[in-house]
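Participant: Take a look and give me a structure for this.
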Amino acid sequence: MNVGDGSRVLLLVEDNPRDEELTLRALKKSKVLNPVVVARDGVEALDYLRGTGRYAGQKPPELPQLVLLDLKLPKIDGLEVLRTLRGEERTRLLPVVILTSSVEEQDVVQGYSLGANSYVRKPVDFVQFSEAVRQLGLYWLVLNEVAPPKELA
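Facilitator: Residues are numbered from 1 along each chain as shown. Alright, predicted model coming up:
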């Protein structure tokens, strides 16, 4: 079964090349059709969503269908990215899943307090990791009803 409609981007915010590769492989194995944009730090993620920095001069992109957000990021950490997204009208309702290896209870509490839609710990084993990504894709790309763009609301 193919997952997602392939028309809206997924934004993967991940600085670890190994975890990026594993996530992309797991998405492909799960037959996720959506294109994936990778941001390797918090600044790049915000620049992509706002159409600033290296994305300046371009029309801000259509919002992704889903953001997969790591917490331990250079420049701006994942919790600050989430805080910023929830504080801006354009991205306030954007679905954000924290996908991290952090086992800190404080990160879970802060993530949900700042408005994360879900918090998933990355399993170490690739088979378990692939299954977690498959289930994320099934729920967030097929079953979940996303908020309409502001101009339609």
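Participant: Below-threshold pLDDT in the protein: ranges please.
Facilitator: 1-7, 59-60, 123-124, 138-153 (pLDDT under 70).
Participant: ok, residues contacting stretch 48-59?
Facilitator: Contacts with stretch 48-59, where a contact means CB atoms under 8 Å, 6 or more residues apart in numbering, come from 11, 37, 39, 43-44, 46-47, 60-61, 63-64, 85, 90-91, 94. From N, CA and C alone the C-beta is placed, and that goes for glycine too.
Participant: and with 10 Å instead?
Facilitator: With contact meaning CB atoms under 10 Å, 6 or more residues apart in numbering, stretch 48-59 is reached by 9, 11, 13, 37-39, 43-44, 46-47, 60-61, 63-64, 67, 81, 84-85, 88, 90-91, 94.
Participant: The protein: helices as residue ranges?
Facilitator: 17-29, 42-50, 78-87, 105-113, 126-137 (DSSP state H).
Participant: Which other helices and strands does the first one contact?
Facilitator: The reference is to helix 17-29. strand 10-13, strand 36-39, strand 96-100, helix 126-137 (3 or more CB pairs under 10 Å, 6 or more residues apart in numbering; DSSP states H and E).
Participant: Leu73: which of these is closest?
Facilitator: strand 10-13 (6.7 Å; CB to CB).
Participant: tell me how far that closest one is from the chain's mean position?
Facilitator: 4 Å (CA atoms, centre = their mean, to the nearest Å).
Participant: Same question for stretch 111-129.
Facilitator: 11 Å.
Participant: Relative to Val127, how far out is the residue in the chain sticking out farthest from the centre?
Facilitator: For the chain, the C-alpha farthest from the mean C-alpha position belongs to Gly57; by CA atoms, centre = their mean, that distance is 23.6 Å. Going from Gly57 to Val127 by CB to CB, to the nearest Å gives 43 Å.
Participant: before we move on, what about Gln135?
Facilitator: 13 Å.
Participant: Reformat the helices of the chain as CSV; add distance to Ile98 and mean neighbour count.
Facilitator: Formatted as CSV, the helices of the chain follow (distance: least, CB to CB, whole Å; neighbours: other CB atoms under 10 Å):
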stretch, distance to Ile98, mean neighbour count
helix 17-29, 13, 16
helix 42-50, 13, 21
helix 78-87, 7, 20
helix 105-113, 5, 15
helix 126-137, 11, 17
